[in-house]
Each structure stands twice: as structure tokens, then as C-alpha cells.
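Engineer: Coordinates for the following, if possible.
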Amino acid sequence: MDKRESAVTGNHSICVDIAVLKDPKLFDTLDALRRQTRKPDRILIADGGSPKEFVDRILKEYGDLPVEVRNLPGTHIETKDASIDYIAEDVTAFLDSDEVPPPEWLEKMVEPIISGDADFTGGPTRPPNAPKNGVERYYNELDRRIYESDVEQDIVYIPLGNTAWKTSLLKDLRFDRRIIFRGGAPDYDLEMRAVDAGHKGLFVKDAWVYHNKATQKGYFALMKHRYRYLVGAAVVMMKNGRLKKRLSEKRKSVKMPFAYIEAAMKPVALIHAYLYWNLVVKRK
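Structural biologist: Got it, this is the predicted structure:
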């Protein structure tokens, strides 16, 4: 049986991995997984330490799904990294707890992997509703730039939340725990190491999900979040020898006033990243 025939017969097992910490939006995600045209063989809920009542609700209301809950305390990425030890299926699809996939999402996401055309895949996100404030609009515009510009230049810029992987590749690479810190970019690091090792990533435009980034937090919280991201991304670029390439790339600008504040933070974040990389990460 060749790879194309294998894709048709569906011999590959699939795990959907969702890291969560008491996020009620998870229930919308699980409702959507009920409606998938390609049913997951298992849904692994990697729980970072939610209250017992939250976990009990998952088990009670979604007993018809192949749900397994694992208690794996830590940051979001630490929890996700720990969950890899419990995956036995051939393909792993990552969803965030605030993402809602349409019925054909899983089928479209894993098809290139099952057919042998890719080792990992990623798809775009869409906002489920119109933005309610400037912070939400800014996040939406950042996502638009990622999926309409950054990913077209290099697949390593795909956010981890809506991706699928050969499980064997995940187990080989894992996440680099030296760079797991709040606001970091360990997803980029994982993808860079995969590509540099000769594995193929593929952007699947039709494998989109709704991403509910609704927030009541203001611009100060946005500034802190973006600064942490800028530091984390720069550390990853330094680690993988891609900082010069990144700085030379022509990227679409986000035409909003806060973009000027973010631009002003970049030189400071770069210095911070340089110190963090040399004084902390490289010494671990």
C-alpha cells in the first residue's frame, strides 16, 4: 500500500492535543470537535492545574468523545511539552483552548502529513467576531500579517496553536525548556529546528480555525505582552542563527498607532534578548 492509498483508508491515528488552564472557551472547542468530518482517535486535554470542577465538567459533558485529561502543571508550553510523553498516535494536531475549528478542519490539516507531502502543517486563524476595542483590533491585524505575509516568507513563523505534526518528529525535537518563559517563542524554535533538520512544513490555507482573542485588558497589558514576545522571538532567532535574516526581511506594517510604540520597544527588546541569551540560556 503506497502513501496515497494509506491516506484514503485512514490507517493513521490522530491525537488532538489541547493545553488548557481553566479556560471556559474550551467547551466551544470540544463542541466543534464533535462535528469533525475526520474524527480524532483521541483528544488529549493537557491541564495546567485547573480546579476540580472544571475537569469534572469536561469528563461529564464530553464523555461521548475520546477525551483523556492529564494533570500537567506548568506554563502553557511546559504543559504542552509534558503532554508529548502521553501521545501514541501517528499524528498530533495542536489546538489552543480558545480556538474553534469548522467541521473539515482536522481532515484538511492532517491530509498532507498522511499523504507524505509534509512533516508538519499549519493553518490560519480568523476572529469569530468584530473587535470590541483597539487591543483586539491590533491582535487581529498582527494575525493578518502573520498569515498573509510572514508565513509566505517562511513556514517557521506559523503559530503553534493551529498545527499538526508527525508525532515521531515531536518526540525527537521536543520543546527547548531553556527558552520556555512567559511570552517567549518556543513554537518558532521548534519549527526552525524541524526545517533546519530537513523536515518539510506546509501552510494549509483551508485548515483555518476561529480564534477568540476577546479581552478586556488595556494597552499597558498589550505593551507587556508584546515586549515579552519581542524578547522571546529575538532569543529564538539568535539561537537558530536567523536574526540577520529576520532583520533583512520585508514585512508588512501594521497601520495602527500602537505599532509605533512596538517599533520603539524593539531595540530595547533586542538588547534584553542578547543579554538573556548569553547570560542565562547559554549557561543552562
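Engineer: For residue 280, grab phi and psi.
Structural biologist: Dihedral angles phi and psi of residue 280 (degrees, to the nearest 10) take the values phi -120, psi -60.
Engineer: for the protein, what spans make up the helices?
Structural biologist: In chain order, the chain shows helices spanning 3-9, 26-34, 52-61, 76-83, 105-114, 134-145, 151-153, 167-173, 186-196, 219-239, 243-248, 258-279, with DSSP state H as the criterion.
Engineer: and the longest one, how far out from the chain's middle?
Structural biologist: Shown here is helix 258-279, whose average C-alpha point lies 22 Å from the average C-alpha point of the whole chain (C-alpha atoms, centre = their mean, to the nearest Å).
Engineer: residues making contact with it?
Structural biologist: Identification of contacts with helix 258-279 by C-beta atoms under 8 Å, 6 or more residues apart in numbering yields 134, 138, 219, 222-223, 226-227, 230-235, 238-239, 253-254. (Glycine included, C-beta is placed from N, CA and C.)
Engineer: The helices of the chain into a markdown table, with extra columns for mean pLDDT, distance to residue 202 and mean neighbour count?
Structural biologist: Conversion of these to a markdown table gives the following (pLDDT from 0 to 100; distance: least, C-beta to C-beta, whole Å; neighbours: other C-beta atoms under 10 Å):
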| stretch | mean pLDDT | distance to residue 202 | mean neighbour count |
| --- | --- | --- | --- |
| helix 3-9 | 37 | 14 | 12 |
| helix 26-34 | 98 | 22 | 18 |
| helix 52-61 | 97 | 32 | 13 |
| helix 76-83 | 92 | 21 | 21 |
| helix 105-114 | 98 | 5 | 24 |
| helix 134-145 | 94 | 19 | 18 |
| helix 151-153 | 88 | 10 | 15 |
| helix 167-173 | 97 | 13 | 17 |
| helix 186-196 | 94 | 11 | 22 |
| helix 219-239 | 93 | 21 | 19 |
| helix 243-248 | 86 | 20 | 13 |
| helix 258-279 | 95 | 29 | 15 |
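Engineer: Make CSV from those and add distance to residue 120 to it.
Structural biologist: Written out in CSV, the entries for the helices of the chain read as follows (distance: least, C-beta to C-beta, whole Å):
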stretch, distance to residue 120
helix 3-9, 16
helix 26-34, 20
helix 52-61, 27
helix 76-83, 15
helix 105-114, 7
helix 134-145, 20
helix 151-153, 13
helix 167-173, 7
helix 186-196, 6
helix 219-239, 17
helix 243-248, 20
helix 258-279, 25
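Engineer: Tell me which of those helices lies nearest to residue 212.
Structural biologist: Shortest distance between residue 212 and the helices of the chain, using C-beta to C-beta, is found for helix 26-34: 7.6 Å.
Engineer: Determine the set of other helices and strands touching that closest one.
Structural biologist: In this structure, helix 26-34 makes packing contacts with strand 14-20, strand 42-47, helix 52-61, strand 99-100, judged by 3 or more C-beta pairs under 8 Å, 6 or more residues apart in numbering; DSSP states H and E.
Engineer: Tell me which of these lies nearest to residue 199.
Structural biologist: For residue 199, the closest of the helices and strands packed on helix 26-34 is strand 14-20, at 18.5 Å, according to C-beta to C-beta.
Engineer: Strand partners (parallel or antiparallel) of the closest one?
Structural biologist: For strand 14-20, sheet partners with direction are given as strand 42-47 (parallel), strand 91-96 (parallel), following DSSP bridges.
Engineer: Buried deepest among the ones you listed, which one?
Structural biologist: Sort the strands paired with strand 14-20 by mean neighbour count, taking mean count of other C-beta atoms under 10 Å, and strand 91-96 sits at the top with a mean of 26.
Engineer: what separates that one from the chain centre, distance-wise?
Structural biologist: Between the mean C-alpha point of strand 91-96 and the mean C-alpha point of its chain there is a distance of 8 Å (C-alpha atoms, centre = their mean).
Engineer: can you list the residues that contact it?
Structural biologist: Applying C-beta under 8 Å, 6+ apart, the contact partners of strand 91-96 are 12-19, 29, 40, 80, 84, 101, 106, 109-110, 113-114, 160-167, 170, 209, 211.
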